[in-house]
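Trainee: Sequence unavailable; structure follows:
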Ligand SMILES: [Zn+2]
């Protein structure tokens, strides 16, 4: 576990999709047991059937999926993971905004009226029947980042109570070519994610937060903001009913931000340039926001399904495998139907989870325990994983590390494996050995600016310090090379992903998925038989959380 960061980074960067770096022959490849393809087909076929209704949280299809996964966990010999129960309840609230007013900006010159939908979008995280912003002063807060470890504070010297933060998307050095810089160059960090920006604005006591949308640094168009912001939004139910959140969290188009700053007598481009510099200070704009809308509220519940394979000698130390089982339910109809069955995303990942459990049990329990968690409500914003990580059944300081599976591949065998968020933790050396043993090579994340590491369930654990791996299927296919890999990816993201076309096909090629699972098996086996506690590299954004959690565990005699 002592692989140094520069060596690993060089190794990752040295490999690329078209010209693999030569790999030394593996010394003695560990035995890799076969996984059951029949079992995985069965599970994927069942969970993606129409009578599971797309497994949206809180629906009868969701309940059916939970019961089915419990049964499959039991069949492969896992034990119930929550004090004799298979499930952990995840309490949610569904908030549907209606009758949104325009956003009116007043203070200097003629009031400006901006339309809900084309100009601005947003909602409230507060469980309250209506929301009203009245003359809330706009303050430009740059990237809205408070990062003491980097000496960065975009809220320095301002009291945000009653005010609305206007925030740039992504992080200050996103336009850099390489990965060097206070915020990892063009790679997105957690500070660049909108989830962070809303949370930080709330911590600052702001009344509202408006993120300025810009397609390149956001990595998606305004159409995505507009369509995903409509309809019911699920949130975790909290004791304070969201009172500690801002009253309103929204987005404005960049052209709207330019108009508002111009009305305030400022230049948006100049403000944005200043925000990239260390020592930036927030800029009150002297204009104020007004809006109102009503909320329909509904309490719903879903569950995480937890199975455990107890370890032989260190059963109170846990290696984690996760996959979300929920999906979108009903969605925009295509020629086929209007059920988003989520066969690839992520019935296939749950199938992988059960097949891994089956293999570990058949091969004999390792020294440490292994947790298999089928997580709920991922598509609603990682809510099931967030709930588990905030209310862990097994302490996070006793959780060694893990791997999250979100969508297996049906592109066939690949020579490479894509590493999303590599170069962050000592898990890299375990990964490197397993990849070499499988005779494959690693391709770094080709779009680190999109921040994929922060967009699936492993992130809920990572931000609380648990080292987590997230891998994506390879591009360099054994049959057809990188072009074939690209073509598969384009078809998948272009017409299948998050649509009713994500359906089960009996003639899928499982060979690539089986290879990936063998790799995951090797990683899990190594971690679960070892006594090491891999950590995030020095200086990584998640290191401090792990160090704090380990220090408090040591004080009470156990854990990392
Ligand atoms: Zn998914």
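Mentor: Done, it's in. Remember, predicted model here, so these are calculated numbers, not experimental data.
Trainee: Show me the domain layout of the chain.
Mentor: Taking automatic domain parsing as the criterion, the chain consists of the domains 5-94+300-555, 97-297.
Trainee: Tabulate those domains (JSON lines), appending mean pLDDT.
Mentor: Formatted as JSON lines, the domains of the chain follow (pLDDT from 0 to 100):
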{"stretch": "domain 5-94+300-555", "mean pLDDT": "91"}
{"stretch": "domain 97-297", "mean pLDDT": "92"}
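Trainee: Turn those into JSON lines, columns for mean neighbour count.
Mentor: Bear in mind the C-beta positions are built from the backbone N, C-alpha and C, glycine included. Below are the domains of the chain laid out as JSON lines (neighbours: other C-beta atoms under 10 Å):
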{"stretch": "domain 5-94+300-555", "mean neighbour count": "20"}
{"stretch": "domain 97-297", "mean neighbour count": "18"}
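Trainee: Now tell me what touches the strand or helix carrying residue 212 from outside.
Mentor: Element membership for residue 212, per DSSP states H and E: strand 208-213. Here strand 208-213 makes contact (C-beta atoms under 8 Å, 6 or more residues apart in numbering) with 120, 122, 133, 136, 138, 144, 164-169, 194, 197-198, 201-202, 222, 225, 246-254, 257, 289.
Trainee: so what strands line up beside that strand?
Mentor: Paired neighbours of strand 208-213 in the sheet (DSSP bridges): strand 164-168 (parallel), strand 248-253 (parallel).
Trainee: Kindly reformat the ones you listed as TSV containing distance to the ion.
Mentor: Shown next, in TSV, are the strands paired with strand 208-213 (distance: least, C-beta to the ion, whole Å):
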stretch	distance to the ion
strand 164-168	27
strand 248-253	23
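Trainee: Nearest to residue 432, out of those?
Mentor: strand 164-168 (36.1 Å; C-beta to C-beta).
Trainee: re earlier: wait, which of the strands paired with strand 208-213 is closest to residue 479?
Mentor: strand 248-253 (42.4 Å).
Trainee: just how off-centre is the closest one within its chain?
Mentor: With C-alpha atoms, centre = their mean, to the nearest Å as the basis, strand 248-253 stands 21 Å off its chain's centre.
Trainee: just stretch 266-278 next, same as before
Mentor: 29 Å.
Trainee: same thing with stretch 282-296?
Mentor: 29 Å.
Trainee: same question, stretch 31-43
Mentor: What separates the centre of stretch 31-43 from the centre of its chain is 26 Å, taken as C-alpha atoms, centre = their mean.
Trainee: Renumber starting at 672 from here on
Mentor: Noted, 672 is the first residue going forward, which turns the last one into stretch 702-714.
Trainee: Show me what that stretch is in contact with.
Mentor: 743, 747, 1018-1019, 1021-1023, 1025-1027, 1029-1030, 1033-1034, 1108-1109, 1177, 1181, 1184-1185, 1188-1189, 1192-1193.
Trainee: hmm, try it at 10 Å
Mentor: If you take C-beta atoms under 10 Å, 6 or more residues apart in numbering as the criterion, stretch 702-714 is touched by 739-740, 743, 746-747, 996, 1018-1019, 1021-1027, 1029-1031, 1033-1034, 1079, 1105, 1108-1109, 1175, 1177, 1179, 1181-1182, 1184-1193, 1196.
Trainee: Indicate the residue of the stretch 722-871 of the chain located nearest to the ion.
Mentor: Going by C-beta to the ion, the ion is nearest to residue 726 of the stretch 722-871 of the chain, at 11.2 Å.
Trainee: show me the contacts for that residue.
Mentor: With C-beta under 10 Å, 6+ apart, residue 726 has these contacts: 718-719, 732-737, 973, 995-1000, 1010-1013, 1017-1018, 1021, 1047-1048, 1050.
Trainee: filter these by proximity to the ion?
Mentor: Restricting those to those near the ion by C-beta under 5 Å from the ion leaves residue 1017.
Trainee: Show only the entries of the contacts of residue 726 found in strands.
Mentor: Within the contacts of residue 726, residues falling in strands by DSSP state E are 973, 995, 1000, 1010-1011.
Trainee: who does residue 817 bridge with?
Mentor: Taking DSSP bridges as the rule, residue 817 bridges to residue 824.
Trainee: ok, it touching residue 871?
Mentor: Yes. When contacts are counted by C-beta atoms under 10 Å, residue 817 is listed as touching residue 871 (5.9 Å).
Trainee: which neighbours do those two share?
Mentor: Listed as contacting both residue 817 and residue 871 by C-beta under 10 Å, 6+ apart are 825-826, 862.
Trainee: Let me have the residues you listed in TSV, adding distance to the ion as columns.
Mentor: Below are these laid out as TSV (distance: C-beta to the ion, whole Å):
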residue	distance to the ion
825	32
826	33
862	24
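Trainee: which one of the residues you listed is nearest residue 760?
Mentor: residue 862 (32.0 Å).
Trainee: Looks to me like the closest one is in a helix.
Mentor: Yes. Under DSSP: H, G, I helix; E, B strand; the rest coil, residue 862 sits within a helix.
Trainee: hang on, isn't it packed against residue 839?
Mentor: No. If you go by C-beta under 10 Å, residue 862 and residue 839 don't touch, sitting 11.2 Å apart.
Trainee: Ignoring the adjacent residues along the chain, who's closest to the closest residue to the ion within the stretch 1122-1231 of the chain?
Mentor: Using C-beta to the ion, the single residue of the stretch 1122-1231 of the chain nearest to the ion is residue 1127, 6.3 Å away. Spatial nearest neighbour of residue 1127, chain neighbours left out: residue 1077 (4.5 Å); criterion: C-beta to C-beta, 6 or more residues apart in numbering.
Trainee: contacting residues around that neighbour?
Mentor: If you count contacts by C-beta under 10 Å, 6+ apart, residue 1077 has them with 993-995, 1015-1017, 1019-1020, 1046, 1049, 1091, 1123, 1126-1129, 1141-1143.
Trainee: Write out the residues of the stretch 922-1071 of the chain neighbouring the ion.
Mentor: So far as C-beta under 5 Å from the ion goes, the stretch 922-1071 of the chain lies against the ion at 1016-1017.
Trainee: how about the helices in the stretch 922-1071 of the chain?
Mentor: Under the criterion DSSP state H, counting those that start in this stretch, helices of the stretch 922-1071 of the chain are mapped to 925-934, 939-946, 1020-1034, 1054-1061.
Trainee: before we move on, the earlier item: and the residue nearest to residue 1127, how far is that from the ion?
Mentor: Per C-beta to the ion, to the nearest Å, residue 1077 is found 4 Å from the ion.
Trainee: Run a quick check on residue 939 versus residue 954, I expect a contact.
Mentor: No. Look at residue 939 against residue 954 with C-beta under 10 Å: they stay out of range, at 11.0 Å.
Trainee: And stretch 898-909, how far out from the chain middle?
Mentor: Centroid displacement of stretch 898-909 relative to its chain, using C-alpha atoms, centre = their mean, is 16 Å.
Trainee: Surely residue 767 forms part of a strand?
Mentor: Yes. Judged by three-state DSSP, residue 767 forms part of a strand.
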